[in-house]
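K.L.:
Could you look at this predicted model? Sequence included:
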Amino acid sequence: MLELLANHAAIAIENSRLFATIQRLANTDPLTGVLTRRKFFDMAEHEFQRAKRYKTPMSILMLDVDEFKQFNDRFGHQAGDLVLETGRFTLHGIPAQRGCIRQAGRRGICRCSARYQP
């Protein structure tokens, strides 16, 4: 009986781990780790509602890399990927209590943040 319970627990733990992996793969870009478009807009709506509820400011910040296609063509996609990753780290480093980040098209990164006191 104890062995059966242990087997069920092991299956439940593995299912939980697999679900978390699937969620991460479905909601984030594999290169930069930023949110997919759908997940970003879901979280941005949540942040908007939170800012509205607590009557606090909300900001949207976008980094747009001009001539990004030419940069990729000249220096290669690995260098372009590094630029996008650097942009993600830059936006993650900006102080905010909450927020979400996503890649904006092929040449930019966007961050949405609300400041609030629960």
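P.N.:
That came through, no problem. Residues are numbered from 1 along each chain as shown.

K.L.:
In the sheet, which residues pair with residue 28? Tell me.
P.N.:
residue 35 (DSSP bridges).

K.L.:
Pretty sure it sits against residue 38.
P.N.:
No - using C-beta atoms under 8 Å, residue 28 is not in contact with residue 38, being 11.3 Å away. Bear in mind the C-beta positions are built from the backbone N, C-alpha and C, glycine included.

K.L.:
okay, those two: which has more neighbours?
P.N.:
Comparing residue 28 with residue 38 by other C-beta atoms under 10 Å, the one with more neighbours is residue 28, at 16 against 11.

K.L.:
quick one: contacts for the more buried one?
P.N.:
Counting by C-beta atoms under 8 Å, 6 or more residues apart in numbering, residue 28 makes contact with 34, 35, 36, 39.

K.L.:
quick one: low-confidence ranges for this structure?
P.N.:
The chain contains residues with pLDDT under 70 at 92-98, 103, 105-107, 114-118.

K.L.:
Now with 80, please.
P.N.:
Within the chain, the set of residues satisfying pLDDT under 80 comprises 31-33, 61-66, 87-118.

K.L.:
before we move on, the earlier item: quick one, which of the contacts of residue 28 are buried?
P.N.:
By neighbour count, with 16 or more other C-beta atoms under 10 Å, the contacts of residue 28 hold 34, 35, 39 as buried.

K.L.:
from the residues you listed, which single one is nearest residue 74?
P.N.:
The closest of these to residue 74 turns out to be residue 34 (C-beta to C-beta; 24.1 Å).

K.L.:
need the helices for the chain, in chain order.
P.N.:
Ranges of helices within the chain are 2-27, 37-54, 68-75, 77-92, based on DSSP state H.

K.L.:
And the last one, what's buried?
P.N.:
Translated: helix 77-92. For helix 77-92, the neighbour count (16+ other C-beta under 10 Å) marks 80, 83, 84, 87, 88, 91 as buried.
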